[in-house]
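A.B. asks: sequence-free structure coming up:
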């Protein structure tokens, strides 16, 4: 059994120490990969069977490209919380702004400087935001049988 990977540079305090947190410095990333290449390759090979087959990835992509319910956003009547990171390069924050504008009464919360992984990058802020939203919109549970 190989020894555990050391934590990468720039650890985030809210990440469990047994998880590899996002690395923000490209130079640190290159150094980390160089020092741990063997273990990273071993881990990738060990988990290769978890990778979706290419045909599934292609079908997922085609489903995403063809799926558009933008015109139906106004039908949503439930309290809605839309979250985004302002530095998301995968799904731009503008998409979340459009969602929030299309849903009556939706609340938009943007996490400044956070990327696509804002749920992890800003876990404490995200959790507090979601819990506060849920507290505001609690519905009493009926005890009638």
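C.D. replies: Ah, there it is. Quantities reported herein were computed from a predicted structural model and do not represent experimental measurements.
A.B. asks: following the lengthiest helix in the chain, which helix or strand comes up?
C.D. replies: The longest helix of the chain (DSSP state H) is helix 26-46. Per DSSP states H and E, helix 26-46 leads on to helix 54-66 as the next helix or strand towards the C-terminus.
A.B. asks: give me the contact list for that next one.
C.D. replies: By Cβ atoms under 8 Å, 6 or more residues apart in numbering, the list of residues contacting helix 54-66 from outside reads residue 52. To be clear about C-beta, it is placed using only N, CA and C from the backbone, and glycine gets the same treatment.
A.B. asks: mind listing the strands the helix or strand just after it pairs with, and their directions?
C.D. replies: Per DSSP H and E, the first helix or strand lying C-terminal to helix 54-66 is strand 81-85. According to DSSP bridges, strand 81-85 forms sheet pairs with strand 107-111 (parallel).
A.B. asks: for the partner strand, buried residues please.
C.D. replies: By neighbour count with 16 or more other Cβ atoms under 10 Å, strand 107-111 contains the buried residues 108-111.
A.B. asks: ok, then the element right after that strand?
C.D. replies: Later in the chain than strand 107-111, the nearest helix or strand by DSSP H and E is helix 118-121.
A.B. asks: tell me the helix or strand right after that following helix.
C.D. replies: helix 123-136.
A.B. asks: identify each buried residue in that next one, please.
C.D. replies: 125-126, 129.
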